[in-house]
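Colleague: Quick one, structure for this:
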Amino acid sequence: MRIAVRAVGVLLLLMGIIWFLQGANVLTAGTSFMIGDPHWEYYGACAALAGIALIVFSRRMKIS
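Modeller: Numbering: from 1, shown residues only. Coordinates of the predicted model:
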């Protein structure tokens, strides 16, 4: 269970970073509706923070 929670946390963190960079108009490979839209900076930051929280939580989980 701990590995699954950590994997989801890592995926959320990576997705959040990508969304944030696209919203900030830094990552502009191709065309996307997300590029330059500040809403995606917020969504990306929230997803990245949720990913970090899951990673920290998974490290503190007790093995049953």
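
Colleague: Now Ala29, what are its backbone angles?
Modeller: With angles defined as degrees, to the nearest 10, Ala29 sits at phi -80, psi 110.

Colleague: and the gap between it and Phe57?
Modeller: Distance of Ala29 to Phe57, computed by CB to CB, to the nearest Å: 32 Å. Quick note: C-beta positions are derived from backbone N, CA and C, even for glycine.

Colleague: what about the two, which has more around it?
Modeller: Each of Ala29 and Phe57 has its neighbours counted (other CB atoms under 10 Å); Phe57 has more, 13 against 7.

Colleague: Kindly provide the distance from Ile3 to Ile35.
Modeller: 34 Å.

Colleague: Compare the two and say which is more crowded by neighbours.
Modeller: Counted by other CB under 10 Å, Ile3 and Ile35 do not tie: Ile35 has more neighbours, with 17 against 8.

Colleague: Quick one, grab the pLDDT at the more buried one.
Modeller: On pLDDT, Ile35 comes in at 84.

Colleague: any idea which element it lies in?
Modeller: Counting by DSSP states H and E, no helix or strand carries Ile35.

Colleague: residue contacts, it?
Modeller: Ile35 makes contacts with 22-23, 25, 27-28, as judged by CB atoms under 8 Å, 6 or more residues apart in numbering.

Colleague: How are the helices of the chain distributed by residue range?
Modeller: Ranges of helices in the chain, per DSSP state H, are 2-23, 38-60.

Colleague: Make CSV from those helices and add mean pLDDT to it.
Modeller: Shown next, in CSV, are these (pLDDT from 0 to 100):
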stretch, mean pLDDT
helix 2-23, 94
helix 38-60, 94
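
Colleague: Tell me, how many residues neighbour Ala48?
Modeller: By other CB under 10 Å, neighbour count at Ala48 equals 19.

Colleague: Kindly apply the preceding question to Leu21 instead.
Modeller: Leu21, neighbours per other CB under 10 Å, totals 17.

Colleague: who's in contact with it?
Modeller: Residues in contact with Leu21, defined by CB under 8 Å, 6+ apart, are 27, 44.

Colleague: can you tell me how far it sits from Gly30?
Modeller: Counting by CB to CB, the separation of Leu21 from Gly30 is 13 Å.
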